[in-house]
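Asker: give me coordinates for this.
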Amino acid sequence: MIRESLIFAALGMAAAGCSAGSSGDDFGPTGEPSDGGLDVSLVPDMGPGPDVVLDVNMDSPSNACPGVVQSFIWISNTGEGTLSKVCTLNGVEVARYYTSPQEVSGDPSRTSVNLHGDAVVTNRSPTPGPSSVTKFAAEIKECIDRNNNGQIDTSYGPTDVKPWGEDECMLWNTPLTGGTGEIGARATAWDGLESSKTGLGGHVYIGALMNKNIYKLDGDTGEILAHAPTALQHYGGAIDGKGNFWTVSMGCTIGMCQIERINVDDFTDHEVFPVHCGYGISIDSKGRVWTAGLGCVSRFDPATKENKWVTTGGQDFNRGVAVGAELSAGFIWAASTNGELIQVDPEALTVVNRQSVGGSDMVGVAIDYEGYVWTVSQSAGSAYKVNPNTWEVLPAPIGNKPYTYSDMTGMQLRGVKPNPR
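Answerer: Here you go, the predicted structure:
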């Protein structure tokens, strides 16, 4: 989330409260202390700060980042049925939530963050089913006092997980059905039609693996507005600047992978294209679709139907791809399951750099609003914030078996929606 917070409106607080193993004071983009300075080009609707600053005890637990800017990465912990909300400024996990009525067996995976900073998480194959989607508010002032006790009952850290239904920052949960049996929901993306100021409006699109259906959900209520079968077994998904929902199919032999474009206004308008490798998926500001997978990073241009790729190495299983911004702009970033972060020149299609950044079994990569690159290690139960200029690494411990390689910060959506409402 990238917004101003009334509670933490005091300037200079961004460095306060940094803990969890490493201080953010020496992790600024130029070696200077990081104050969460806001690039207003990313958030054109952000107005001036509030005139009133509340007296806040910064030593008390908080569900927010310390400071004016609120920027979060939302990471699913598949092994325990929870979702971690991590402040990207200092790497501190500020809240953890169960994601479904099945609690520990909820099987959460893909997350997507809207222009306002709110998140949805898709529960793949809970035990028992069905698949479901759950929305969480990024700011406490937007949570719902459902028990009317005059306060918001919510999580304030990784050890404070409320029983299902008791966390009032969970806004809705929608079970997904269609056909018979478990549908295996996977691909997940907001469409960017919501207000960046209020979060109201917009839709969430879900692609299912087993019944090949696409689902359209109301972003405010979670109501299923439409669903229909398309061509592929949908695995990962992203929205482009024209509003098309792109998905990548599950599992493929190198050189024989596929992606699908779905018109979100007419699900019967869909088309499949070949790509060289596939697992993670992202889209750049030029509308080019990036996928990564076994030994490669692939670039597909819908305008020319041209498919090109760079071979990263036979040892790589690239389970995540992201388009750089700010500090990391001008490059594509892939996370290899061997623990390495791979930097790719998007025009020359060459590997610029690659380094080990943390634990193995990397599943997912994302960019935060400052341009730092985040990866997720399933085996280490940790996320890693990487400075793309110095390759310094800040570890951020999270939950058991994290597994998220979708748009977990919302920056991919912002990259294709340059003028959010």
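Asker: tell me the SS of Val120?
Answerer: strand (DSSP: H, G, I helix; E, B strand; the rest coil).
Asker: go ahead and confirm it touches Ala185.
Answerer: No - counting by C-beta atoms under 8 Å, Val120 stays clear of Ala185, with 11.0 Å between them. For the C-beta atoms, the positions are set from N, CA and C on the backbone; glycine is no exception.
Asker: what do those two both touch?
Answerer: Val133 (C-beta atoms under 8 Å, 6 or more residues apart in numbering).
Asker: ok, those two, which is more surrounded?
Answerer: Ala185 (31 against 28; other C-beta atoms under 10 Å).
Asker: can you say which helix or strand has the nearest residue to Leu349 once chain neighbours are set aside in it?
Answerer: Nearest non-adjacent residue to Leu349, counting by C-beta to C-beta, 6 or more residues apart in numbering: Val310, 4.2 Å away. Using DSSP states H and E, Val310 sits within strand 306-311.
Asker: ramachandran angles for Tyr205?
Answerer: The phi and psi values for Tyr205, taken as degrees, to the nearest 10, are phi -110, psi 130.
Asker: quick one: end-to-end length of stretch 104-117, please.
Answerer: 25 Å (C-alpha to C-alpha, to the nearest Å).
Asker: give me the buried positions along it.
Answerer: 104, 106-117 (16 or more other C-beta atoms under 10 Å).
Asker: which ones among the residues you listed are found in strands?
Answerer: 108-113 (DSSP state E).
Asker: residue contacts, Asn123?
Answerer: 99-100, 102, 106-109, 131-134, 185.
Asker: hang on, I meant Met250
Answerer: Counted by C-beta under 8 Å, 6+ apart, Met250 has contacts 186, 209, 233-235.
Asker: cool, Phe300 as well?
Answerer: So Phe300 contacts 259, 273, 275, 288-291, 306-307 (C-beta under 8 Å, 6+ apart).
Asker: now the residues you listed: which count as buried?
Answerer: 259, 275, 288-291, 307.
Asker: circling back: now the ones in strands among the buried residues of stretch 104-117 in CSV, please, with extra columns for distance to Asp265 and pLDDT.
Answerer: Output for those, formatted as CSV (distance: C-beta to C-beta, whole Å; pLDDT from 0 to 100):
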residue, distance to Asp265, pLDDT
Pro108, 29, 98
Ser109, 27, 97
Arg110, 22, 97
Thr111, 25, 98
Ser112, 19, 98
Val113, 23, 98
